[in-house]
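Student: turn this into a structure:
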Amino acid sequence: MVKQLKLFSQPSLNIGKSLKEQMAKTAKQSNFSREELLDRMNDLASRYGVRLLKGSGNALTMATFEKWLNPEAMEHIPGINSLVVFCAATEDMEPMREVLAPLGGLLIDETEVKLLLWAKEYQRAKEARVRMRKLESEL
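Tutor: Numbering: from 1, shown residues only. Below is the predicted model:
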């Protein structure tokens, strides 16, 4: 479910520059060189049948990859499938936060999922204890 956006306090839906900045930061902080990332992306794309480029190009080139990571090259923004491959290649989902943030979405990891599930179960148990006390007082 998507939250209703507020007219005057919504973040920009134009995420191109912030996405590219985060992708560049992610690439820099990864354990891989840009050449290794490029190879990993092309390998993943080939393995999973993902087209990284529009048109007739089969493999992502270093020139295009560099343009994707350059916040000033706004005419070169990766598609959503390419972004998923990038995140898989870098082993980092931070760029996805840039996509979700303007819509109020959050990206959580496995530990946070477990904590959320625990909190829900805790609330159910708490509510059950209240119902049990009420029933007990009626006995």
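
Student: find the nearest non-adjacent residue to Ala88, please.
Tutor: Spatial nearest neighbour of Ala88, excluding adjacent residues (CB to CB, 6 or more residues apart in numbering): Leu44 at 5.5 Å. Where you see a C-beta, it was placed from the backbone N, CA and C, and this is true even at glycine.

Student: repeat that for Pro11.
Tutor: Counting by CB to CB, 6+ apart, Pro102 is the residue found nearest to Pro11 once chain neighbours are left out, at 4.5 Å.

Student: and the residue nearest to Ala88, what element?
Tutor: Applying DSSP states H and E as the criterion places Leu44 in helix 34-48.

Student: helices and strands around that helix, which ones?
Tutor: Judged by 3 or more CB pairs under 8 Å, 6 or more residues apart in numbering; DSSP states H and E, helix 34-48 is in contact with helix 62-69, helix 80-90.

Student: 6 Å instead, please
Tutor: Packing partners of helix 34-48 (3 or more CB pairs under 6 Å, 6 or more residues apart in numbering; DSSP states H and E): helix 80-90.

Student: what comes up buried for the helix it packs on?
Tutor: 82-90 (16 or more other CB atoms under 10 Å).

Student: next, the buried residues of the helix or strand following it.
Tutor: Following helix 80-90 in sequence order, the next helix or strand is helix 94-100 (DSSP H and E). Judged by neighbour count using 16+ other CB under 10 Å, the buried positions of helix 94-100 are 95-96, 98-99.

Student: do stretch 45-54 as well
Tutor: The neighbour-count check on stretch 45-54 (16+ other CB under 10 Å) flags 45, 52 as buried.

Student: average pLDDT for it?
Tutor: On average, the pLDDT along stretch 45-54 is 92.

Student: what sits against the residue positioned nearest the centre of the chain?
Tutor: With distances taken as CA atoms, centre = their mean, the residue of the chain nearest its centroid is Met96 (2.0 Å). Met96 is in contact with Leu107, counting by CB atoms under 6 Å, 6 or more residues apart in numbering.
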